[in-house]
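Engineer: please work out how this folds:
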Amino acid sequence: MKTIIIIGAGVTGLSTAYHLARLKAGRIIVLEQGPIGNGSSSRAGGITCALLWTETGVQARKLATKWFRHLSGELPDYTYHNEHGCLNIFSPELWPTRAALLPLYDRLDAPYQILSAQQIKTRWPQLNPPDDYLGLHDPLGGYSEPADYLAALAKRVRELGVEIREHVTVHELRRLGDRITGVRTENENLTADTVVVASYAWILPLLATAGLMVPAKTFVHQRFVSSPLPEPSSFPPVNGDPYLGYIRPAAGNRLLLGIETPNVPDLKVQEFGYRMETLAEPWDLVAPAVDRFAGFYPGIEKLSWETVKVGLLSFSLDGEPILGPMPGVEGLLVGCCFHSGGFSYNPAMGLFLAEYATQGTTSIDLTAFLPSRFAADETEEYLASTITQSQSFKRRH
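Structural biologist: Residues are numbered from 1 along each chain as shown. Prediction:
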């Protein structure tokens, strides 16, 4: 019986375990250095949209939305909130770039609707975009509450026979010649036929133990959750590129507000002992975040804010995910650099990693995501540089 080790019990790792268990792939062990979802997953915005910027991305997200709907039925304590779809907002300056992608959406049968500012206000009176803004609505999109999803998926994965070992740190990928043979933790060596690395922020020091690398950058990201709203809310999650952030309804009739900090340099994670809990809670960013959305969501300036979560986003050199077999070795798969869309991608990316592990190929062409697309010299140059998020590719959910 094959043994497959997955490093990271966030959404990508758990999704991979789920699909491997469905495929009866053998013994599946998930190793997580903290509690389940302790990295970026529990700090995610949870928004899902299929209207991306490449053919591979659109195909993957369409499949992800299908799986979110399926899991919403399979997992008793999880709901995919697709009641209002997902809305993407564009200023006149930003719209032409997205309008150029509409033929791609048509060719791939990705449904959408273009909405004027007035149509948005009529459909969702709580939203108030400027008159010259446009909306691109994805009826398949929606959002999830990360805590509910993680707990429900972990429970189901365990029911399917997967071993999840929490508070176990992997210190080394064990390599013998051109093959990864397992991992070394603080307490033992574990042998595996395949190792899947699904730990976003820690991927660089982990790959380095086997003499490998990928062009990955991490940036700080923060989201805030309000106290309960004075009136019931009824509107879709909104990707607001003109506002450098997003908003969505949240559990308990609250509002979730997420923003990027475009001028903050990338954070270099170089140690296995790094923990996101050490990131300072940026309460000083609440006021500027509210200012960004004050006109779009009237009344936001009157809300009080209960919680803040800060985590890390991973970006590749070209802004696209890195997923598939690592070149130069056998027995190693990686899944990382999902920009701010790791949660949105996860049901599909887990499926693809499971397909790679069991059959060596995937149900859609993922050439554009393969780690082998990067040359060693450009990877080294990218890793040696320091850039701000504004200098990386703008990708949201």
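Engineer: for the closest residue in space to residue 263 that isn't next to it in sequence, give me the pLDDT.
Structural biologist: Using C-beta to C-beta, 6 or more residues apart in numbering and skipping residues adjacent in sequence, the residue nearest residue 263 is residue 388, 5.3 Å away. All C-beta atoms are positioned from the backbone trio N, CA, C, and that covers glycine. Reading off the confidence values, residue 388 has pLDDT 86.
Engineer: touching, residue 388 and residue 266? I think so.
Structural biologist: Yes: under the contact definition of C-beta atoms under 8 Å, residue 388 touches residue 266, with a separation of 7.4 Å.
Engineer: residue boundaries of the helices in the stretch 1-150 of the chain?
Structural biologist: 11-22, 55-74, 95-99, 102-107, 117-123, 146-159 (DSSP state H, counting those that start in this stretch).
Engineer: could you pull out the strands in the stretch 251-397 of the chain for me?
Structural biologist: Per DSSP state E, counting those that start in this stretch, the stretch 251-397 of the chain carries strands over the ranges 254-260, 305-316, 322-325, 332-336.
Engineer: rebuild those strands as TSV, extending it with mean neighbour count.
Structural biologist: Listed next are the strands of the stretch 251-397 of the chain as TSV, based on neighbours: other C-beta atoms under 10 Å:
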stretch	mean neighbour count
strand 254-260	23
strand 305-316	20
strand 322-325	22
strand 332-336	26
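Engineer: so residue 388 and residue 266 - more neighbours on which side?
Structural biologist: Between residue 388 and residue 266, counting by other C-beta atoms under 10 Å, residue 266 is the more crowded of the two (22 against 13).
Engineer: the strands of the stretch 251-397 of the chain: which one's closest to residue 199?
Structural biologist: Comparing those by their distance to residue 199 (C-beta to C-beta), the top pick is strand 332-336, with 7.8 Å.
Engineer: thinking again about what came up before, can the strands of the stretch 251-397 of the chain go into a markdown table with extra columns for mean pLDDT and distance to residue 248?
Structural biologist: Listed next are those as a markdown table, based on pLDDT from 0 to 100; distance: least, C-beta to C-beta, whole Å:
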| stretch | mean pLDDT | distance to residue 248 |
| --- | --- | --- |
| strand 254-260 | 94 | 5 |
| strand 305-316 | 91 | 14 |
| strand 322-325 | 98 | 26 |
| strand 332-336 | 97 | 24 |
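Engineer: quick one: contacts for residue 94?
Structural biologist: With contacts defined as C-beta atoms under 8 Å, 6 or more residues apart in numbering, residue 94 is in contact with 241, 242.
Engineer: run a quick neighbour tally on residue 188.
Structural biologist: The criterion is other C-beta under 10 Å. On that basis, residue 188 has 9 neighbouring residues.
Engineer: ditto for residue 210
Structural biologist: Residue 210 has 18 nearby residues by other C-beta under 10 Å.
Engineer: secondary structure element for it?
Structural biologist: Using DSSP states H and E, residue 210 sits within no helix or strand.
Engineer: helices of the stretch 151-300 of the chain, start to end?
Structural biologist: 203-208, 286-293.
Engineer: helices or strands next to the longest one in the packing?
Structural biologist: For helix 286-293, the packing partners by 3 or more C-beta pairs under 8 Å, 6 or more residues apart in numbering; DSSP states H and E come out as strand 245-250, strand 254-260.
Engineer: what is the mean pLDDT for it?
Structural biologist: 94.
Engineer: for the residue most central in space within the chain, report the pLDDT, please.
Structural biologist: Residue closest to the average C-alpha location in the chain (C-alpha atoms, centre = their mean): residue 342, at 1.2 Å. Residue 342 is assigned 90 on the pLDDT scale.
Engineer: among the strands of the stretch 251-397 of the chain, which comes closest to residue 348?
Structural biologist: For residue 348, the closest of these is strand 322-325, at 9.8 Å, according to C-beta to C-beta.
Engineer: partners of the closest one in the sheet?
Structural biologist: Partners of strand 322-325 in the sheet, by DSSP bridges, are strand 332-336 (antiparallel).
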